[in-house]
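Q: predicted model, plus sequence, below.
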Amino acid sequence: MKCLVVIAHPLRESLCHAMAAKAVASLEATGHEVQIEDLYRKEFPAALTGAERASYYGQRYESSAVQDEIDRLLWAEGLVLCFPTWWFGFPAILKGWFDRAWAPGVAYDHASDLGPIKPRLHGLRHALVITSLGAPWWVDRIVMRQPVKRILKTAILGTCAPSCRLAILSIYKSERLDGAQVERFSARVEEALGRWR
């Protein structure tokens with residue numbers, strides 16, 4: 001498959017970057033073609049521009065500033081997102097990537113009556129989220145009810161790529177991990193990507 005690995009962490013030595021490297025190695029080892037979108041390294045501007053927003057309901061989305069990101073998104077059949085969960089949400093730079101690249105005419109079409117949007121990412125077959133959280137598992141799952149998973153599954157992939165299979169690997173208490181815990185999580189990443197066909 002054609003696989004896009006999106007990394008959204010500012011520190012190169014972070015666990016997110018290590019897991020992204022593991023994902024890339026696992027995908028390439030099983031014969032997949034991989035492109036990497038390292039949002040911090042390329043200094044991706046997160047803010048939706050005035051021209052982009054003004055064109056949201058126009059004839060054509062003003063995509064010139066993000067056309068490279070859009071091309072990689074449309075190319076992908078598999079999507080790996082590697083990011084820290086901060087305040088139980090996406091880092092701003094990743095939210096900006098969704099705002100600017102998952103745009104009308106790209107990821108979806110507006111309905112003529114402004115009703116439910118119509119999906120366009122029919123070629124996106126698999127998505128794996130690899131995320132780290134400082135909180136324990138029960139805060140994310142029981143107290144907060146997994147907001148990142150709900151947004152991705154329902155609001156983003158559910159509306160733009162409804163046939164895409166989503167899996168989420170979350171590692172909790174990420175500031176206090178030992179080497180064995182990281183190795184076990186790394187093995188889970190490899191196992192999850194090994195099922196992609």
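A: Looks like it came in fine.
Q: can we go C-alpha only for contacts and neighbour counts from here?
A: Fine.
Q: over to residue 83: give its phi and psi.
A: Residue 83 adopts backbone torsions of phi -160, psi 160, taken as degrees, to the nearest 10.
Q: which ones are touching it?
A: Shown in contact with residue 83 (CA atoms under 8 Å, 6 or more residues apart in numbering): 7, 8, 9, 16, 90, 91, 130, 131, 132.
Q: and those residues, which are buried?
A: Buried residues within the contacts of residue 83, counting neighbours by 16 or more other CA atoms under 10 Å: 7, 8, 9, 16, 90, 91, 130, 131, 132.
Q: hmm, which helix or strand of this structure has the shakiest average pLDDT?
A: Of all the helices and strands that make up the chain, helix 137-138 has the lowest average by mean pLDDT, DSSP states H and E, namely a mean of 88.
Q: just the ones of the contacts of residue 83 in strands?
A: 7, 130, 131, 132 (DSSP state E).
Q: my guess is the third one contacts residue 18, does it?
A: No. Counting by CA atoms under 8 Å, residue 131 does not reach residue 18; the two are 11.6 Å apart.
Q: wait, what's in contact with the residue nearest to residue 163 when sequence neighbours are not counted?
A: Here the nearest residue to residue 163 in space, its sequence neighbours aside, is residue 125; by CA to CA, 6 or more residues apart in numbering that works out to 6.4 Å. Contact partners of residue 125, counting by CA under 8 Å, 6+ apart, are 77, 78, 161, 163, 164, 165.
Q: relative to residue 78, how far out is residue 125?
A: Computed as CA to CA, to the nearest Å, the residue 125 to residue 78 distance reads 6 Å.
Q: try residue 196
A: 8 Å.
Q: more neighbours: the two, which one.
A: residue 78 (26 against 16; other CA atoms under 10 Å).
Q: and the pLDDT at the more buried one?
A: Looking at residue 78, its pLDDT is 98.
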